[in-house]
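Participant: Need a 3D model of the sequence below.
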Amino acid sequence: MSEIDRRDFIKMGAAAGALASVSMANAAADMAAQDGDQAALVALTLTEASRKMQSHQITSVALTQAYLDRIKIYQPKLNAFITVMHDDALAQAKALDAEAKAGKFRGPLHGLVIVLKDNIDTAGTRTTAASQVFDDRIPDEDAFVTARLKAAGAVIIGKANMHEFAMGHTSSATYFGPVRNPWAPDHTPAGSSGGCGVAVIADLCNAAVGTDTGGSVRMPAAYCSMVGLKPTYGLVSIRGIVPLTYSLDHCGPMTKNVEDAALLLNTLAGYDKYDVASVEHAKENYTQSMKQPVAKLRVGIPRAPYFDKLEPQTEAAVEAAITVISGLVASTKDCHLPGTGGFNRISLNGETQAYHEELYRHNRGGYSIAIGRGIGGGFTSLDNVTDEPCSEKLIDYIRSNWALIKLRKTIDDAFTDFDLVVLPTMRLLAPTIAESISREEDPKPREPEIDNNCTPFDIFGIPAISVPCGFSSTGLPIGLMIAGPRFQEGRVLALAHAYEQATQWHTKKPALSPEMVIPPITKKAASPAATPPPA
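Facilitator: Numbering: from 1, shown residues only. Purely as a prediction, here's the structure:
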C-alpha cells in the first residue's frame, strides 16, 4: 500500500471533522426539535388533544409516553403524584390506539390522559387518600367516575397527591409529603385537590378530576392558575370516593381552560342509582351549552361578606375582572346571597366520624398530627371511640340537615334579580408550605381562616367555577369565581368562557425547567400547648 501524503491526510482529517461537526449539529437540532415536539404535545389542552387524536395526528401511546417522561422529571420537584400508573397507562394507550386504528373511537376523550385525585377509587390500583392509614388499600371496584372515564377511552395515568383524607385546604398535610406550587415551589397549591391542580398547570396530564367539599377543586384552581368546576350537588356521582362530609362532597373537572371543563363534565355527569346523593337530570352537552350568548346576562356582585378583608392585589385583580365582565353582559350590580345561618357545618362532622370510627380505633397512629386531632376530637372519648354520641349532637346533626335541605330547595330564589354571581375565589394569596404546616400542627386554638370564599357554594349545592384572573407582584396566581342556580352549569361555563376569551390569563404557564432548584421547607416551631389551670 502506498504511503498517504501528509497534506492529503490533513485534508481527510479536516473533512472528517467537518462531517462530524455537521453530524453533531444535526443530532443537536434533532434533539431540540424532539424536545420542542414533546413540549408542544404535553401542552395540548384536552380539546386540542381530542381533535388531533380523532384526526390521527397523534397517538395515545405517544401522548402518554410524553407525559410519563415529563412526570419523571418534575415529580421529584413538585410531588404532584402518589402513584404513577406507568405500565397500566401505556397498556391502556396501546389498546386504545388499536381501536383508533380500526376507526373505533369511544368518544372525545379516547386516548387522552387523565389524573385522578387519590381519594377516587381505582380497581387494582391503590387509593390512599394521602394517609398512612390507607397506604396499602387497593379497591376492588372503580369509582363511578373512574368507570365512566375508562368507558369513554380516557387513559388514567396516575393518582394525585392531596391533603390527607381531604380534610384541609393546603395539600401540606399528607403522608406522602407536601405538594409544591409550580409558580412558587415554597408555596402551597391549596387543597385538598392540590396534586390535581399542579398536574394540570405543570403539563403532566391533559386534565384531572378532583373533589370539592369546602372548595377543594376551586381553591387549587385559583392558586395554580387553571380552571376548576364544582358542579351542582348530585350531578356527578360520588360513589367510590373516600368521603369527607357526604352531604357536601362534590366531584368535578380540573382543566387548562373552560372548554376542557365542559368537555370533561360531559363524561363525568350522569345518574347513579346506587349513590343516594345522585340526582336524575336531563343529559346535556356542556360544550354546546357553553356557547350560549352572555350579552343579556345580569351579573350580581355579592360584596358582603365575600369581599371583606381582601388582600389588596387580589382586590385589584378581581375588580379589573369585573370591569371586563361588565363589558360582556347586560348589567352588573351589587347583590346579596343568603347566609348559611341555621346550618352548622360542624354538626355534619358526624358524617366524617361515622366513616372514620373503626379506622381511627384501630389506626390512630396512622393519622397525621393535624388530621388525627380533628378526627379524634369529634368522638366522645379518645380512649373509646365507640361510645354513643350524646343526644344533643344527634339533634344538632338532624337540625343542620334540615337547614341544608331547605337552603338547597330555596337557593335558586336568590337569583331573581340577577342570573349569575362573580366574586374572588380566595381572599388571600397562597401561603408558604412552612406557614401552612406550622399552622396545621400548632396545638393552640386558632382563629378561623378567612382566605376561602368557596365553602358556602358547597352548602348551597350550586355550580361554581374558578378561572384565572391575574397575578400578584410576586407571581402568585389569583382566581375569579362565577356561580349560578342549580343545574345552570351551561350558563356558568358560558360566562367563564367569554371572560377567558376576553383575557390572556389562562395562557400563562409557570417557568419550569429540569434544572430548577426547589427550596427547602423550614418549619417554625409549634406553639406550646396551653397549660391547663390548676384543679
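Participant: need the contact list for residue 328.
Facilitator: By C-beta atoms under 8 Å, 6 or more residues apart in numbering, the contact set of residue 328 is 294-295, 495, 498-499, 502. To be clear about C-beta, it is placed using only N, CA and C from the backbone, and glycine gets the same treatment.
Participant: What strand or helix carries residue 211?
Facilitator: Residue 211 belongs to strand 207-212 when elements are defined using DSSP states H and E.
Participant: now the helices for the stretch 1-150 of the chain?
Facilitator: 6-42, 46-54, 60-78, 86-101, 144-151 (DSSP state H, counting those that start in this stretch).
Participant: picking that back up, pLDDT averaged over the strand holding residue 211 - what is it?
Facilitator: Mean per-residue pLDDT for strand 207-212: 98.
Participant: Numbering from 32 from now on, please.
Facilitator: In the new count, where the first residue is 32, that last one comes out as strand 238-243.
Participant: Number of residues surrounding residue 506?
Facilitator: For residue 506, the neighbour count with other C-beta atoms under 10 Å is 13.
Participant: scratch that, residue 277
Facilitator: 17.
Participant: what's the average pLDDT for stretch 472-484?
Facilitator: Here stretch 472-484 scores 72 as its mean pLDDT.
Participant: contact partners of stretch 115-133?
Facilitator: So stretch 115-133 is contacted by 84, 87, 90-92, 94-96, 99, 102, 106, 136-137, 141-142, 144, 153, 156, 181, 184, 186-190 (C-beta under 8 Å, 6+ apart).
Participant: shaky segments in the protein?
Facilitator: For the chain, the stretches with pLDDT under 70 are 32-66, 377, 408-421, 476-481, 554-566.
Participant: can you do 80?
Facilitator: 32-67, 372-378, 405, 407-424, 473-481, 554-566 (pLDDT under 80).
Participant: Report how many residues lie close to residue 423.
Facilitator: Residue 423, neighbours per other C-beta under 10 Å, totals 8.
Participant: Could you say which helix or strand holds it?
Facilitator: Element membership for residue 423 (DSSP H and E) is helix 422-441.
Participant: CA atoms of that helix as PDB?
Facilitator: The C-alpha trace of helix 422-441 is given here as PDB (Å, rounded to 0.1, in the frame of the first residue of the first chain):
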ATOM      1  CA  SER A 422     -78.400  13.100  72.000                       C
ATOM      2  CA  GLU A 423     -77.600  16.800  71.800                       C
ATOM      3  CA  LYS A 424     -75.100  16.200  69.000                       C
ATOM      4  CA  LEU A 425     -77.600  14.000  67.200                       C
ATOM      5  CA  ILE A 426     -80.200  16.700  67.400                       C
ATOM      6  CA  ASP A 427     -77.700  19.300  66.100                       C
ATOM      7  CA  TYR A 428     -76.900  17.000  63.200                       C
ATOM      8  CA  ILE A 429     -80.600  16.500  62.300                       C
ATOM      9  CA  ARG A 430     -81.400  20.200  62.500                       C
ATOM     10  CA  SER A 431     -78.400  21.000  60.300                       C
ATOM     11  CA  ASN A 432     -79.500  18.500  57.700                       C
ATOM     12  CA  TRP A 433     -83.000  20.100  57.700                       C
ATOM     13  CA  ALA A 434     -81.500  23.500  57.300                       C
ATOM     14  CA  LEU A 435     -79.200  22.300  54.500                       C
ATOM     15  CA  ILE A 436     -82.100  20.700  52.600                       C
ATOM     16  CA  LYS A 437     -84.200  23.800  52.900                       C
ATOM     17  CA  LEU A 438     -81.400  26.100  51.800                       C
ATOM     18  CA  ARG A 439     -80.800  24.000  48.700                       C
ATOM     19  CA  LYS A 440     -84.500  23.900  47.900                       C
ATOM     20  CA  THR A 441     -84.700  27.700  48.000                       C
END
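Participant: helices or strands up against that helix?
Facilitator: helix 380-394, helix 486-491 (3 or more C-beta pairs under 8 Å, 6 or more residues apart in numbering; DSSP states H and E).
Participant: most packed of those helices?
Facilitator: helix 486-491 (a mean of 22; mean count of other C-beta atoms under 10 Å).
Participant: List the contacts of it.
Facilitator: The contact list for helix 486-491 (C-beta under 8 Å, 6+ apart) reads 243-246, 261, 264, 279, 281, 368-369, 371, 374, 376, 435, 438-439, 442, 495, 512, 514.
Participant: Equivalent analysis for stretch 309-327, please.
Facilitator: By C-beta under 8 Å, 6+ apart, the residues outside stretch 309-327 that reach it are 263-266, 268, 270, 289-290, 293-294, 296-297, 300-303, 359-361, 518, 520-522, 524-526, 528-529.
Participant: which of the residues in that stretch are buried?
Facilitator: Applying a neighbour-count criterion of 16 or more other C-beta atoms under 10 Å, one finds 309-310, 312, 315, 317-318, 320-321, 325 buried in stretch 309-327.
Participant: Make a PyMOL selection of whichever of the contacts of stretch 309-327 turn out to be buried.
Facilitator: Buried residues among these (16+ other C-beta under 10 Å), as a PyMOL selection:
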select buried, resi 263+264+265+266+268+270+289+290+293+294+296+297+300+301+303+359+360+518+520+521+522+524+525+526+528+529
